[in-house]
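[1] Have a look at this prediction, sequence included:
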Amino acid sequence: MSIILLDIGNVLVSVDFMRFCRAVAVNPFSGEDEIFRKYCSGELKDKLETGWIAPLEYLALVARDPLARAMPPQELRQHWQDIFELLDGAVEAVTLLKQSYSLWIMSDTDPLHFTFLLNNYPLLRSADRYYLSFEHGKMKTTVDAFTYMLESSGRTADEFVLIDDKAVNCASASQAGIRSIQFQSWSETLALL
């Protein structure tokens, strides 16, 4: 193993979609759960994260929804992007890992989130390579994302270890022959490496 595949969400940064839902819901107490269900999980969000729907088209759907309050497009975009916080220990862990491994980011994300993350969290810019769902159209919940990464990189599965917070993604990596660590904390993850 010489390459660490790092997830972004809930590994490097926390993700709080409810912050977006509360900010855009006409009624933040009763509408936020419906906004979450429609736009922050499920098939429509997967289409955004696999490049089947353009980010501005996606936000236009939110803007037209009667559950969402009227606001300028730039404000809606800002709310969509402003859902992250750096996780404790992430900067130190990335610095430590870079001493011994090549770091590749492998994330299910959309262009608006990824651009925001690159601009606001410099540790993401230290990655050697990026495999992003919106670019190649495959989510880590499927083994296809990992076989694509292996085939396009020309590397073998035993060269990698995935660090990801979701068990389903770790299972998909395992099906492709890639060792994985389900992230709980940086101290635990570093001890398992």
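    Received it, and whenever you're ready, just let me know what you need.

[2] which residues touch residue 6?
    Contact analysis of residue 6 by CB atoms under 8 Å, 6 or more residues apart in numbering lists 12, 94, 103, 104, 105, 106, 127, 163. All C-beta spots, glycine's among them, are computed from the backbone N, C-alpha and C.

[3] just those residues now: which is nearest residue 84?
    residue 12 (9.0 Å; CB to CB).

[4] re earlier: adding neighbour count, distance to residue 133 and pLDDT, write the contacts of residue 6 out as TSV.
    Putting these into TSV (neighbours: other CB atoms under 10 Å; distance: CB to CB, whole Å; pLDDT from 0 to 100) gives the following:
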residue	neighbour count	distance to residue 133	pLDDT
12	26	16	98
94	19	21	96
103	18	18	97
104	19	14	98
105	24	11	98
106	27	9	98
127	20	15	95
163	24	17	98
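
[5] can you list those in JSON lines and add distance to residue 52?
    Shown next, in JSON lines, are those (distance: CB to CB, whole Å):
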{"residue": "12", "distance to residue 52": "25"}
{"residue": "94", "distance to residue 52": "31"}
{"residue": "103", "distance to residue 52": "28"}
{"residue": "104", "distance to residue 52": "24"}
{"residue": "105", "distance to residue 52": "21"}
{"residue": "106", "distance to residue 52": "19"}
{"residue": "127", "distance to residue 52": "25"}
{"residue": "163", "distance to residue 52": "27"}
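
[6] May I see these arranged in a markdown table, with secondary structure and distance to residue 82 as well?
    Shown next, in a markdown table, are those (DSSP: H, G, I helix; E, B strand; the rest coil; distance: CB to CB, whole Å):
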| residue | secondary structure | distance to residue 82 |
| --- | --- | --- |
| 12 | coil | 16 |
| 94 | helix | 22 |
| 103 | strand | 25 |
| 104 | strand | 26 |
| 105 | strand | 20 |
| 106 | strand | 24 |
| 127 | coil | 22 |
| 163 | strand | 25 |
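
[7] just those residues now: which is nearest residue 45?
    Ranked by distance to residue 45 (CB to CB), these are led by residue 106 at 18.0 Å.

[8] separation between that closest one and residue 72?
    According to CB to CB, to the nearest Å, residue 106 and residue 72 sit 34 Å apart.

[9] Then residue 35?
    Taking CB to CB, one finds residue 35 at 18 Å from residue 72.

[10] Neighbour count for the two, which is higher?
    Remark: of residue 35 and residue 72, residue 35 carries more neighbours, 23 against 9, as counted by other CB atoms under 10 Å.

[11] Shouldn't the more buried one be within a helix?
    Yes: assessed with DSSP: H, G, I helix; E, B strand; the rest coil, residue 35 lies in a helix.
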